[in-house]
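Novice: What shape does this take:
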Amino acid sequence: MGWTFHPDFVQFMGTRNHRRLRCCSCKKQINLGAPCIQFSRFRYPLNELEAKIYGDWDREIDLADWFLCEACGEIFLNLDAIGYCVNLGESMPDLLKEYHELTGFEKQRKDS
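Specialist: Below is the predicted model:
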């Protein structure tokens, strides 16, 4: 299975049937008009029957698009930019926490 996206393009949630969709990372609903990142997904045929139906073993079969909410999208773009291995569907906050643990990053707290 594969996916593609435009890293410089953040969309605003709007679907043909005007309903909210869930973030593929945190599973929260993304409101209509909210900024998000859309991923077009595809896969290749899994067996000979599918290859015959779709015409060829190399032909991509479209899957439903996945979306990341604004918060998860920001984490995704930052982790992806530094070359960290990111899989769609994983919890982006958990991946960020894992990255912090691996690098020894500590948040600095503001003293009141």
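
Novice: other SSEs contacting whichever strand or helix holds Ala71?
Specialist: Element membership of Ala71, judged by DSSP states H and E, is helix 70-81. On a contact count with 3 or more CB pairs under 8 Å, 6 or more residues apart in numbering; DSSP states H and E, helix 70-81 meets strand 35-43, helix 92-103. (C-beta placed from N, C-alpha, C; glycine too.)

Novice: show me where pLDDT drops low in the chain?
Specialist: Applying pLDDT under 70 to the chain flags residues 1-18, 109-112.

Novice: one more time with 50
Specialist: 8 (pLDDT under 50).

Novice: State the distance from the residue sitting nearest the centre point of the chain to Leu102.
Specialist: Centroid-nearest residue in the chain, with CA atoms, centre = their mean: Leu88, separated by 4.5 Å. Distance of Leu88 to Leu102, given as CB to CB, to the nearest Å: 20 Å.

Novice: any idea how far the closest residue in space to Ile37 that isn't next to it in sequence is from Phe42?
Specialist: Leaving aside its sequence neighbours, Ile37 sits nearest to Gly73 (CB to CB, 6 or more residues apart in numbering; 4.1 Å). The gap separating Gly73 from Phe42 is 20 Å, by CB to CB.

Novice: Many thanks, have a good one.
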